[in-house]
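**Q** Provide a 3D model corresponding to the input given below.
(one chain, ligands or ions: 2)
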Amino acid sequence: MRRQFGETRSVIAQRHALISADSHEVTPMPNWPGSRIVVVISPQMGAGFSQFLAEMPEGAKALAPADVIERFVLVLEGAVTLDLDGAVHQLLPEGYALVPAGVAHEIRATKASRLVVLEKAFMPLDGAEHPEPVVGSVEAQPRRPMSDDGLLAVRKLLPLEERFDCEVNVMEFQPGGSLPYVETHFVEHGLLMLNGGGVYRLDDDWYSVAQGDVIWMGPYCPQWFGALGATPARYLIYKNWNRDPLAG
Ligand code: UGY
Ligand code: MN
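**A** Numbers count the residues shown, from 1 in each chain. Ligands and ions are numbered 1, 2, ... in the order given. Prediction:
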């Protein structure tokens with residue numbers, strides 16, 4: 001991109017956004033003192049959640065969000081500890097945690113680290129218990145085939161239980177693999193390209209996307225992805241999940 005001519009690959013549209021690194025804006029964040037934060041998706045653009053990238057210097061800490069907010073973190077680089085109710089978990093690259101709303105915790109970088117963070121107001125379900133924290137690693141989750149051609153698989157990072165109001169998955173496309181059809185749904189997505197690239201259809205536009213790109217897909221944004229190149233494409237994808245569209 002020729003930034004000196006005011007160019008960027010980022011696009012902010014009514015119902016979707018593509019945020020590329022060339023337009024990242026670093027901002028301070030009270031719960032992340034000393035870290036470099038880039039908020040890539042937020043309610044200000046129309047989303048029902050926020051997604052940000054956090055660059056933590058060694059020793060930096062993150063404090064818990066407001067009591068009604070649940071937080072998902074995935075380590076991209078480095079290493080952090082997660083102090084949860086007295087138990088200390090070590091998160092390495094592709095290690096992740098979901099900290100339910102109201103659960104006290106502290107994240108501390110044991111070396112310079114990069115994280116992707118998703119936060120949203122938790123939507124409880126009548127009669128269901130409050131979710132428990134989840135700590136895991138992407139690699140430890142089974143690959144579930146998603147297409148007949150064997151080119152698409154998903155790893156589900158959170159339990160498929162109704163007390164959880166969101167899903168966070170890693171979709172894995174072999175070269176030439178694609179979503180089987182153009183999806184339209186009332187739930188929305190926050191996405192981070194982890195590896196490889198391809199073509200993303202959002203509404204009536206087709207974008208080339210690669211590692212590091214972030215996408216917001218709002219409700220009913222028609223969406224499709226096809227992987228291109230010699231290596232697999234993988235993305236992390238959040239969606240609000242398992243709640244009636246008339247709830248809340
Ligand atoms: O779970 C999903 O809705 C997912 N298949 N969407 C997507 O990859 N754009
Ligand atoms: Mn979808």
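**Q** Secondary structure of Glu139: a helix, I assume?
**A** Yes. With DSSP: H, G, I helix; E, B strand; the rest coil as the criterion, Glu139 is assigned to a helix.
**Q** Show the contacting residues for the spatially closest residue to it that is not a sequence neighbour.
**A** Using CB to CB, 6 or more residues apart in numbering and skipping the chain neighbours, the partner closest in space to Glu139 is Glu94 (6.3 Å). Where C-beta positions appear, they are placed from N, C-alpha and C, glycine not excepted. Applying CB atoms under 8 Å, 6 or more residues apart in numbering to Glu94 gives the contacts Leu74, Val75, Ser137, Val138, Glu139.
**Q** per-domain residue ranges of this protein.
**A** The record, using automatic domain parsing to delimit domains, assigns the chain the ranges 24-137, 144-240.
**Q** Check the model's average confidence along the longest one for me.
**A** So the one you mean is domain 24-137. Confidence over domain 24-137 (mean pLDDT, whole number) is 97.
**Q** how far does that domain sit from the chain's center?
**A** Put simply, domain 24-137 sits 11 Å off its chain's centre (CA atoms, centre = their mean, to the nearest Å).
**Q** can you tell me the distance between the two ends of that domain?
**A** Chord length of domain 24-137, first to last residue, is 27 Å (CA to CA, to the nearest Å).
**Q** Also stretch 83-91?
**A** The first and final residues of stretch 83-91 sit 11 Å from each other (CA to CA).
**Q** rewinding a little: want to throw the contacts of Glu94 into TSV with distance to ligand 1 and neighbour count?
**A** Conversion of these to TSV gives the following (distance: CB to the nearest ligand atom, whole Å; neighbours: other CB atoms under 10 Å):
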residue	distance to ligand 1	neighbour count
Leu74	17	24
Val75	22	24
Ser137	21	15
Val138	16	19
Glu139	20	11
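**Q** Residue of the chain closest to ligand 1, please.
**A** Across the chain, the shortest distance to ligand 1 (CB to the nearest ligand atom) belongs to Gln223, at 4.4 Å.
**Q** tell me the phi and psi of that residue?
**A** Backbone geometry at Gln223, expressed as degrees, to the nearest 10, gives phi -140, psi 140.
**Q** I'd assumed Asp204 was in contact with it.
**A** No. At 11.4 Å, Gln223 and Asp204 do not qualify as touching, with contact defined as CB atoms under 8 Å.
**Q** near ligand 1, which residues of the chain?
**A** The interface of the chain toward ligand 1, taken as CB under 6 Å from any ligand atom, is made up of Met171, Leu179, Glu183, His189, Gln223, Ile237, Lys239.
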